[in-house]
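# Quick one: sequence and predicted model below, then my questions.
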Amino acid sequence: MEAFAPFFPLLIWVVPIVLGFMFGRLNEKRHYRSIHEREQAWLHLPATASRYPLLPGQIARSELVNGSVVVSVDYFKRAAAGLRSIVGGPVKSYESLLDRAKREAVLRLKESCPGAHEIVNLRLETASLSKNTRGGVGAVEVFAFATAIYMAEPDPV
Amino acid sequence: MKYQPSLPSQNDNVSDEHPLKDFLSILLKLAALGLLAFFVLGLLVDAVVDRMDASTEAALTRLLADKAPEIAAPGQGNAREAQLQALVDSLRSCARFTGPATVKLTESKVPNAVVLPGGNIYVFSALFEHVQSENGLAFVLAHEMAHLSHRDHLRALGRGIVLYGLAALLSGDTSALASVLAPVRQLGDANYSRSRESAADARALQVLACRYGHAGGATEFFEALDKGEDKDIPGSHYFDSHPAMRARIDALQAAIARQGLKTGAVVPLVAPK
């Protein structure tokens, strides 16, 4: 046991990374499952970045809608990104994090206007929280905002 | 064109690769590169230390002399310290050692002696429980003086600087990474240190034979440690990088036989009043 004593400081690094990897993977899997289910459920509500609606007909009313989400990195993703920052190249560990955040923000936006017929002018903004503060929580906020359109009921013939 | 709701069949924005693959591949490549750099720069340190002229060494020694920590030993420390200093000074001509060598006695339960840059020899008080004769003590001191004349303290310092430099380069922060890398350095250096220790042993044996006319007491300290080794005293450099006690004793006895040295009666160690 004593032979391993010099390696104890190494554990301070390894344990959070292993925990981060385990919990991060679990959370990510669960989140993606939820995203896939909800995207399927909200497929009937089209969302575009265009100024013009896809659906023909009379617009009854429109409103500003938004959805935002804050996702934190885990120690593993941070360590992987830290290693990446030495050699350069695509930061694969952050790709899924931002992908989840963007899709979750759009889903929350859609969920905020259940009666709408279409979403136009969809925009996404990204902000990183506590940018380069040492020991700060590395988290990212994705904010989605758009115009929700409610169509007029077609006149009964 | 009619709008047809559908979800994309695949997501190219996220890589399918297992996240560990990327992490491990970079980590292993960097580790290999770091080890290679440490090895090459370590050889460079050796080359520089070997080629360093005496005046540069003296200047470095002066620069670092007063950087050594002052640790007062209680009780009869001063008399003991003076005794050690006198013994070191008496070994000078045999060791052909002209530089500064200041002995400092330190209160510690670990039987050990170390050299620090600046010509400082630290003797830990528990050493006295493991040597019975002046010859035994002289061998340990001659061993430490051999480190000084072999410039091993400068090599260790150079390697330390290389390690901290690499750690700072890779992480931008020396404080955390260096402590994590310390065991790595210990492992990587063990072989290197062992050869330095053997060289110091061989030199100390010659000095002892020159000073007392025989090699008696050369293995005294190691024999005492070898008997008590199961007690396992952590933190002593005589256990980490030093070759196993038995191997060192054997090596010394082989050298004594090879060089045809006699082993005479040892001078008992008298505690100063």
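All right, it came through fine. Bear in mind that the values here come from a model prediction, so they are computed numbers and not experimental data.
# show me where pLDDT drops low in chain A?
For chain A, the stretches with pLDDT under 70 are A:1-7, A:9, A:131-137, A:154-157.
# what's the longest helix seen in chain A packed up against?
The helix that spans the most residues within chain A, counting by DSSP state H, is helix A:8-41. Applying 3 or more C-beta pairs under 8 Å, 6 or more residues apart in numbering or on different chains; DSSP states H and E, one finds that helix A:8-41 makes contact with helix A:75-87, helix A:92-111, helix B:19-51, helix B:174-212. Every residue, glycine included, has its C-beta placed from N, CA and C.
# Tell me which of those helices sits most buried.
Compared across the helices and strands packed on helix A:8-41, helix A:92-111 shows the largest average neighbour count, a mean of 20 (mean count of other C-beta atoms under 10 Å in any protein chain shown).
# Just checking, which helix or strand succeeds that one along the chain?
strand A:118-129 (DSSP states H and E).
# What strand or helix carries residue 62?
Chain wasn't specified; assuming chain A. strand A:59-72.
# let's do chain B instead
helix B:54-65.
# between that helix and helix B:19-51, how many degrees?
Angle of helix B:54-65 versus helix B:19-51, following axes from the mean of the first three to the mean of the last three C-alpha atoms, to 10 degrees, is 120 degrees.
# What distance do you get for A:Leu98 to A:Ser128?
Remark: distance between A:Leu98 and A:Ser128 (C-beta to C-beta, to the nearest Å) = 10 Å.
# Now for the two: what residues contact both?
A:Val140 (C-beta atoms under 8 Å, 6 or more residues apart in numbering or on different chains).
# Not counting residues beside it along the chain, what's closest to the most centrally placed residue in chain A?
Taking C-alpha atoms, centre = their mean, the centroid of chain A lies closest to A:Ala101, which sits 0.4 Å from it. Leaving aside its sequence neighbours, A:Ala101 sits nearest to A:Val142 (C-beta to C-beta, 6 or more residues apart in numbering or on different chains; 4.1 Å).
# same deal with A:Ile35?
A:Ile35 sits nearest to A:Arg103 (C-beta to C-beta, 6+ apart), 5.2 Å away.
# The one you found contacts A:Glu39, correct?
Yes: applying C-beta atoms under 8 Å as the test, A:Arg103 and A:Glu39 come out as touching, 7.0 Å apart.
# shared neighbours of the two, anything?
What both A:Arg103 and A:Glu39 touch, as defined by C-beta under 8 Å, 6+ apart, is an empty set.
# B:Lys262: neighbour count?
10 (other C-beta atoms under 10 Å in any protein chain shown).
# pretty sure it is in a strand, no?
No: judged by DSSP: H, G, I helix; E, B strand; the rest coil, B:Lys262 forms no part of a strand; its state is coil.
# Give the full set of residues in contact with the closest residue to it other than its chain neighbours.
With sequence-adjacent residues excluded and distances taken as C-beta to C-beta, 6+ apart, B:Lys262 is closest to B:His214, at 4.4 Å. By C-beta under 8 Å, 6+ apart, the contact set of B:His214 is B:Leu261, B:Lys262, B:Thr263, B:Gly264.
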